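below: sequence and its predicted model.
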Amino acid sequence: MLRRATCPRAGLAILTSRLRAGYASTASTSSEQAKLDSKAFAKTLQLPNTPFPLWANVADVEGKYRASTCDSLYKWQWENNKGPVFVLHDGPPYANGNLHMGHALNKVLKDMINRFHLLQGRRVHYIPGWDCHGLPIENKTLKDLKVHVSQLSPSEIREACQATASNEVESQKAQFRALGIMADWDSEGKIYRTLDHKYEMRQLRIFQKMVEKGLIYRHYRPVHYSPSSLSALAEAELEYKDDHVSHSVYVTFDLEETPNETLRSMLDSQDVKLLVWTTTPWTLTANMGIAVHPDLVYSVVKSQEGVLVVAKDRVEALTDIIGETEVLAQLTGQDLLGTSYRPIFSALPNASTQALKVVPASHVTSDSGTGLVHCAPAHGTEDYQAFRAQGLISNSHSMICHVGSAGEFVGSVAEVVGEEAAEKLVNKSVLKEGSRAAVDLLREVGQVVKVKRIKHRYPYDWKTDEPIILTATSQWFANLDDIKENALEALQEVAFIPPISRNRLEAFVKSRSEWCISRQRVWGVPIPALYEIATDKAILNSSTLDHILSVIEKKGTSYWWSGPVEEFLPPSILGDLKAKDLQASDIYRKGTDTMDVWFDSGSSWSMLPDMGVGQSPTRRFHADVCLEGSDQHRGWFQSQLLTAVGAAPKTEKPSSPYAMLLTHGMVLDEKGRKMSKSLGNIVSPLTVINGGKDKKKEPAYGTDVLRLWAATVEYWRDMSIGPTVLSQSAESYRKIRNSARFCLGNMDGVAGRQQLEKVPREKLDLIERYIMHELYKLEQTALDGYTTYNFAKVANALTHFTNITLSSFYFDITKDCLYADAINGTARRGVITVLNHILDSLTKVIAPILPHLAEEIHTTRVGDATSAFMTPWTPLGSEWHDPTAAAQMETYMRLRSSVLAQLEQARMNKHIRSSLEAAVDIVIPEGASSDEFALLLQKQGVDTLKTLFIVSDANIVNALSEHGPTEGWLYNGTFKTASGLELAIRVHAAPLHKCPRCWTYTRPEEETLCGRCSNALHH
């Protein structure tokens, strides 16, 4: 085995700079020796040489490789890869506004997955999509036009929304491209938009199948309604806030008549009132009854507010509301049933005086309030269900509702409070001034006991961040009770990352019994229902849909809004009208509701079979992976599942449209706060890539640094980003880049250097076998991380390998061998062999995360127009797994730490400036013949020690040897092997002189160069 001398990084850097600058250097060996020409030695060194820059201009480099590693690469792999298809189904973001960091994280994670599967030889199917309908697009359009919705006709709004959505798609497409996302962005059919005609037709066919299965129905009932969006909302579109403030009221209702004798006798001599608490005083105009639980015990108490009926268990808790009380009687809820009371506003001029009843309801408890519940079936789901169960609601006209589409009191409230009082309510928001006005009326009639400000949990519209109301409207629903068990069964075959996210999705599905799918929006896919004008009866069945959809197929969904109603009437209905000489437009009208945008995006799975990548005998699922934010458990993840199960034939086994769901968290600022304009803490992905106005404060990091950040975070949790985090990512990127540059600067066959014969594994030195073992471990860790979608595992292993294994260790101890050894020396060729393997594996490991850097490395090395992704990732074979070498090197590294500590002492005491000025003796005591490490030391010899310690001389001596320094400075230390054998360490001055070529102290006084350099120059 050839000896490998070493030179520390600092010393060799100084030598190289001096030689290149043309400085003269002399060998101070004897007075007779002439000055030596350092330039001559510079020409004999194998100094690094590569066009690969230390610092890249990220805009130039990434721009150079963008097309070849994104659009062109996607097309190439789809046409040329022969492996199985891998489908990552893209959840469509809203085509609305610039990208935020959540968009960037989402798309980069998807791209890393796709690129890894491409390197595994698979054909990647990835079609980016956009959600183009609904409120966000309408709001954006109206804002851009600077008009109110009332200033434009519906057709004008639709036309403007179409243009806005199309423009926003193009804008976001350009921004996504800047993230280095591999896709065919421009070819027809290689992206999808929910406004595209083919997409809308697939969605309407799904709707038709659900109609045919009896899953779609229309109902007038209370729904979540957003005044700020002017539309009904599904549960999935709600966001609950715990700090909502309401002004709740305690009010009384005067009893009028009762079948209960005890109460009747009290009423003969005094007023008796029912005490009720509500957090929505505006709903009191719609009161239709007061509910009690038949099994609860109620007390009739005398208080400062008069004689009141409250739940027995609530009397003590109500002391601060009604004061001290005296119990006059006790009754059950059953005893109160049938009792009538006067409407709460009956004292107002011309107000309604029709008595109302106490009714039973199982949802009433004594846990809060008074134990009596004010019922407004138009504004409460439980109230509505209780009244329906008792037959108290027969049709939409039997429910009281005074709330309009903007969440305001409408004129019909006069039927309850009278014309004069109604003037104080009409056109006022029930959530704001209307509620206050209602309380003022209650005070006017003397029914208010107390107004109490409370903070409680309340639903908000997640798009507008404004509170919603429950109010009765006619809406279309999908019956989920009939399919939820099938949906849950289908989820059993789906994998979840993180696993706990399964609970979240299953809980959402279990909790829903119906899905409100209609919206009162202008811009959207129509619900193609016909209505009888006289009765408002809806006509929606398979027959009508067959005809309507055939018209829409030919003329587009826009024709539903503009075309005459007779074109959409099936021939059978049209024939009857003609026979009766009736005009279709006098009898029927087209519906104006649009579909919930979650139905839009939830239908996206249906395009995959049409593209030839859906379920088949070889594919159990349409999509292999879907990846979105955690909020999509109540959104797109759920709507895909429900539409797929809902549209499936009843005879088929329930099947999910996706095989695996990955969930990522929110991107927060460095302080862990949600990003918002008000806090001024928004980090834009394009600013990270291109830099801000002040490049010192906001440097242009480039796409790959942003992608590296995305790879380092545990994406399944909320994560932070900011200047500090980005600076750390940039430093990690620099270390990876410099590792590649070191390899490219020294490898054979690059930058005009000749190809060298590689050294077979069995002839490699221990250090090289150890580095190859570590490289094998890196690859296996990376493969496992990518396969399990744990990118942080990959990034951490990559950073450790480049920072510690390579930069701080292997590159440091191999520079002298690479630069100064004979070009064909065995030791040098061994290092070159390892560098080739390192760059091979490193390029594949980084490629999914850092595609631009991988392409730059590949081009520098290969020099052709191919892509780094065009050759599959073939990992190192298991023969490189060498735990023996790793164990041996672990002991060597511990010994190295002990020696370096002694060298540092010598440096601190100014005995040396460089470790090359020192020599190290390792003294083995007697009786060490059975110690494994002592035997290994003697087998490996001194060359391994010189390399590891970066010294000019090393000796392995026994305790009886006379070998050692006879004069000068000396440092002593000890080292214990695994068996407990104690080795002595001696650090002293190197005995020979400095070689002017390699700077090691290995030159005999009478020679011009050291033996190694002389040999290198003559071979």
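Perfect, thanks for sending it. Quick caveat: nothing in here was measured; it's all calculated off a predicted structure.

in the sheet, who's paired with the residue nearest the centre of the chain?
Central residue of the chain (Cα atoms, centre = their mean): H664, 3.0 Å from the mean position. Beta-bridge partners of H664, counted by DSSP bridges, are G629.

quickly note the distance from it to L627.
7 Å (Cβ to Cβ, to the nearest Å). Any C-beta I mention is one placed from the backbone N, CA and C, and that applies to glycine too.

hey, what's in contact with both of the two?
With contacts taken as Cβ atoms under 8 Å, 6 or more residues apart in numbering, H664 and L627 have 106, 109 as neighbours in common.

following the chain past the longest strand anywhere in the chain, name the next helix or strand.
The longest strand of the chain (DSSP state E) is strand 238-257. Next along the chain after strand 238-257, taking DSSP states H and E as the criterion, comes helix 261-267.

low-confidence ranges in the stretch 901-1019 of the chain?
Along the stretch 901-1019 of the chain, the parts satisfying pLDDT under 70 run over 960-964, 966.

where along it do the helices fall?
Taking DSSP state H, counting those that start in this stretch to define them, one finds helices in the stretch 901-1019 of the chain at 932-940, 942-949, 1011-1017.

which of the residues in the last one are buried?
Judged by neighbour count using 16 or more other Cβ atoms under 10 Å, the buried positions of helix 1011-1017 are 1012-1013, 1016.

what's the weakest-modelled helix or strand in the chain?
helix 9-21 (a mean of 39; mean pLDDT, DSSP states H and E).

report the distance from stretch 294-308 to the chain centre.
54 Å (Cα atoms, centre = their mean, to the nearest Å).

next, the distance between the ends of that stretch.
By Cα to Cα, to the nearest Å, the extent of stretch 294-308 from end to end equals 18 Å.

how about stretch 576-590?
In stretch 576-590, first residue to last residue: 18 Å (Cα to Cα).

residues in contact with that stretch?
Residues from elsewhere that reach stretch 576-590, judged by Cβ under 8 Å, 6+ apart: 526, 528-534, 539, 560-561, 564-566, 568-569, 573-574.

can you list the weak-confidence ranges in the chain?
Residues of the chain that meet the cut-off, pLDDT under 70, sit at 1-39, 236, 396, 960-964, 966.

what distance do you get for the residue nearest to the centre of the chain to D335?
Counting by Cβ to Cβ, the gap from H664 to D335 is 57 Å.

do the same with E982
On the measure of Cβ to Cβ, E982 and D335 end up 94 Å apart.

report the distance from stretch 818-829 to the chain centre.
On the basis of Cα atoms, centre = their mean, stretch 818-829 sits 49 Å off its chain's mean C-alpha point.

I'd say P723 and E670 touch.
Yes - between P723 and E670 there is a contact under Cβ atoms under 8 Å: 7.3 Å.

residues near W515, how many?
As a burial measure, W515 scores 25 neighbours (other Cβ atoms under 10 Å).

identify the bridge partners of it.
Beta bridges link W515 to A478, judged by DSSP bridges.

in contact with it, which residues?
Shown in contact with W515 (Cβ under 8 Å, 6+ apart): 234, 477-478, 480, 596, 642.

can you give me the helices in the stretch 151-300 of the chain?
Assigned by DSSP H, counting those that start in this stretch, the helices in the stretch 151-300 of the chain fall at 154-177, 197-212, 261-267.
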